[in-house]
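Student: Sequence and predicted structure are below.
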Amino acid sequence: METKTVDARGLSCPQPIVETKKVLDKISGGRVEVLVDTVTSRENVLRFGRNAGWQGSFEESEGFFKVILEK
Amino acid sequence: MNRLLMSKYGPALAGTIIGVVAALLVKFGNPGNMGVCVACFTRDVAGALGLHRAVVVQYLRPELAGFILGSFASALLFREYRPRGGSSPMIRFGLGFFAMVGALVFLGCPWRAYLRLAGGDFTAIAGIAGLTTGIGIGIMFLYRGFSLGASRPNPKAAGLFMPLLAIGLLALLLLRPLFGAEGTGPIFFSEKGPGSMHAPILISLGAGLLVGWLAQRSRFCTVGAIRDLIMLRDTHLFKGIVCFIIAAFLTNFVLGQFKPGFEGQPIAHTMHLWNFLGMVLSGLAFTLAGGCPGRMFIMSGEGDSDAGVFIMGMLVGAAFAHNFSLASSGTGVGAYGIPATIAGLVFCFAVGSLFMNRVE
C-alpha cells in the first residue's frame, strides 16, 4: 500500500495538524507518515490521528520524529 | 507527576495549579487580578529598563524570568531542548508588537483576561469575546493555508539567548544599579501604582519557575485552547483554561479577593467596544504566531528563537504603547489607542492574507 508523507518539520502550531488533516480527509485508510521536529507536535499529531480513528505510533530519527498513522 | 502532565489530564492539572498560584500571588502583593499577566509583566519590564517612562508601571517582574528558566530546565531534563528559528522573524516581531498594543488597550493578556473574570471583573467578558473572535479570524487564515514558513534547527548555543537574558534581568533586579545621567536608572522601579505592587522576589521567582515547568510539560496554552476547540473540536487544552479559571475563582473566593461587578475593577476600564477590539487584535496576532504570550515564553526557554523574537516585539510594543499614548488606563483607552488598534488589525490581516508559504 502506498505511504503518504507529510513534512511538517519546523511549522508552528497548529499547522502540522492542518497539513495532516488535509491528507487524512482525502483517504479512508492506509499509512501516513508525518515528520515533525518537536515533542509537542509529535503528541499533537498522534492525538489528532487517534481521535480521527487511526492507529498511531512514532519513530525517532536524527533530530526529528516520524509519526506513523495507520488504518 | 511528569507522566500525568504529559497525559490527557496534563493541561487541566497545570491549569488548576497555575490558577491557584496566580490568585496567591495577588495575596502576596501583585496588583489586583494580575497574579500572572504576561503582557502587563512585559510592559513593567520595559518600564524598568527605561524603554518607557510611565512611572507607575516599572518593575523587573521575576515571574517572567522564572517562566523562561523553568521551561529551559524542564526542556533540558526531558530532552526537549531543541534550538530552532528562522520562520519569518521580522513578521513575528511585528505580531508581538501589535499583540502587545491590543493587550494594553484591553489591559491584559489572555491569561489576565481569564484571571479578571475569575476575580469578578465582568468587563473581561468583552475581552474574552474579542479574544475568541480574533482566534476565529486567525483560524480562517490557517484554513486558507496561512504559514510563516518552517523554522530550521539551530546550533545548541543559539537557544541559550533567552535563558541568559532571564538571568541578566534577575541580576539587574537584585543589584539595582544606579548610574544614569540624572542619578537614577538605568533601572527604574515604580514607587506608586501597579508597578510598585509585587510579591516578594523569591515567591515571584519560585512561582514563575513552577509555572514554567508545568506549562512546558503540559503545553498549557490560553490561545491554543480556544483555537483547538473551534477548529478541531479538541477539548484537550480547553480543559486547562476551564480549570485555570475555576481554580483562580475558588482561591480568590476563599481569600476574599472575589469582587463581582463592572465598575471600579483593578486596572480595567469599562469601554466595552475597545476591550473587545483590543483583544480581537491580540487574539489574531497570537493565533498567527502560533500561541499565547505565556506559551511564547515557554517555547523561548525550549530554544525557539522565533518565540524569542516575538517576545522582543512585545517588549518594544509595550514601550511604544506608553510613549505614544496607546495604552489604556483605568479611565479608558489612551489618546491614540483606537487608531493603533486599527493599524494593528490592518497589519494582521495583511500578514494573514499574504503569507501562504505552503510546505508542499
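Tutor: That came through, no problem. As the structure is a computational prediction, the values presented were derived from the model and not from experiment.

Student: okay, CA-based contacts and neighbour counts for the rest of this
Tutor: Will do.

Student: Is it correct that A:V36 is in contact with A:P14?
Tutor: No: checked against Cα atoms under 8 Å, the pair A:V36 and A:P14 is beyond contact range at 11.8 Å.

Student: Point out where chain B drops to low pLDDT.
Tutor: Applying pLDDT under 70 to chain B flags the ranges B:357-360.

Student: Doesn't B:L131 belong to a strand?
Tutor: No: judged by DSSP: H, G, I helix; E, B strand; the rest coil, B:L131 forms no part of a strand; its state is helix.

Student: what does chain A put close to chain B?
Tutor: Residues of chain A found near chain B, taking Cα under 8 Å from any Cα of the partner chain as the criterion, are A:7-15, A:18, A:38-40.

Student: of all those residues, which two lie farthest apart?
Tutor: Longest distance between any two of the residues of chain A next to chain B is 16.9 Å, between A:V18 and A:V39; criterion Cα to Cα.

Student: Please enumerate the strands of chain A.
Tutor: For chain A, applying DSSP state E gives strands covering A:3-7, A:31-36, A:55-61, A:64-70.

Student: Which residue of A:V18 and A:V39 possesses the greater neighbour count?
Tutor: A:V18 (19 against 15; other Cα atoms under 10 Å in any protein chain shown).

Student: Look at residue 46 and say how many residues are nearby.
Tutor: No chain specified, so I'll use chain A. Neighbours around A:L46, by other Cα under 10 Å: 22.

Student: Hmm, no, I was thinking of chain B.
Tutor: By other Cα under 10 Å, neighbour count at B:A46 equals 28.

Student: got it, and B:F179?
Tutor: Under the neighbour criterion other Cα under 10 Å, B:F179 is assigned a count of 11.

Student: who touches it in this structure?
Tutor: B:G185, B:P186 (Cα atoms under 8 Å, 6 or more residues apart in numbering or on different chains).

Student: separation between it and B:S190?
Tutor: In this structure, B:F179 and B:S190 are 17 Å apart, going by Cα to Cα, to the nearest Å.

Student: what's the answer for B:G330, then?
Tutor: 17 Å.

Student: and those two? which has more neighbours close in?
Tutor: Ranked by neighbour count (other Cα under 10 Å), B:G330 and B:S190 place B:S190 first, with 18 against 14.

Student: Check the secondary structure at the more buried one for me.
Tutor: coil.

Student: quick one: it and B:S196 touch, right?
Tutor: Yes: using Cα under 8 Å, B:S190 is in contact with B:S196, at 4.9 Å.

Student: Show me whatever sits in contact with both of the two.
Tutor: Both B:S190 and B:S196 are in contact with B:V56, B:V57, B:Q58, B:Y59, where contact means Cα under 8 Å, 6+ apart.

Student: Could you save those as CSV and add columns showing neighbour count and distance to B:G108?
Tutor: Shown next, in CSV, are the shared contacts of B:S190 and B:S196 (neighbours: other Cα atoms under 10 Å in any protein chain shown; distance: Cα to Cα, whole Å):
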residue, neighbour count, distance to B:G108
B:V56, 17, 16
B:V57, 27, 13
B:Q58, 30, 16
B:Y59, 27, 16
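
Student: For the closest residue in space to B:L25 that isn't next to it in sequence, the count of nearby residues, please.
Tutor: If the residues on either side of it in the chain are set aside, B:L25 comes closest to B:G35, at 4.8 Å by Cα to Cα, 6 or more residues apart in numbering or on different chains. Residues lying near B:G35 (other Cα under 10 Å) number 31.

Student: Is B:G35 in a helix, a strand, or coil?
Tutor: Reduced to three states by three-state DSSP, B:G35 is coil.

Student: is it true that it touches B:A23?
Tutor: Yes: the pair B:G35 / B:A23 is scored as a contact, 5.7 Å apart, by Cα under 8 Å.

Student: Can you report how many residues lie near residue 51?
Tutor: You didn't say which chain, so I picked chain A. For A:N51, the neighbour count with other Cα under 10 Å is 12.

Student: My question was about chain B, not that one.
Tutor: For B:L51, using other Cα under 10 Å, the count is 22.

Student: check contacts around residue 50.
Tutor: If you meant another chain, say so; for now it's chain A. A:R50 is in contact with A:G56, counting by Cα under 8 Å, 6+ apart.

Student: looking at chain B here, not the other one
Tutor: B:G185, B:P186, B:I187, B:F188.

Student: Could you work out the end-to-end span of stretch B:78-90 for me?
Tutor: With Cα to Cα as the measure, stretch B:78-90 spans 30 Å from end to end.

Student: Is any residue of it near chain A?
Tutor: Yes: contact check for stretch B:78-90 against chain A, using Cα under 8 Å from any Cα: residues in range are B:E80, B:R82, B:R84.

Student: That stretch: which residues count as buried?
Tutor: For stretch B:78-90, the neighbour count (16 or more other Cα atoms under 10 Å in any protein chain shown) marks B:E80, B:Y81, B:R82, B:P83, B:R84, B:G85, B:G86, B:S87, B:S88, B:P89 as buried.

Student: Please render those residues as TSV that adds secondary structure and distance to B:T16 to the earlier fields.
Tutor: Shown next, in TSV, are these (DSSP: H, G, I helix; E, B strand; the rest coil; distance: Cα to Cα, whole Å):
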residue	secondary structure	distance to B:T16
B:E80	coil	24
B:Y81	coil	26
B:R82	coil	28
B:P83	coil	30
B:R84	strand	30
B:G85	strand	32
B:G86	coil	34
B:S87	coil	33
B:S88	coil	34
B:P89	helix	33
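
Student: This completes my enquiry, with thanks.
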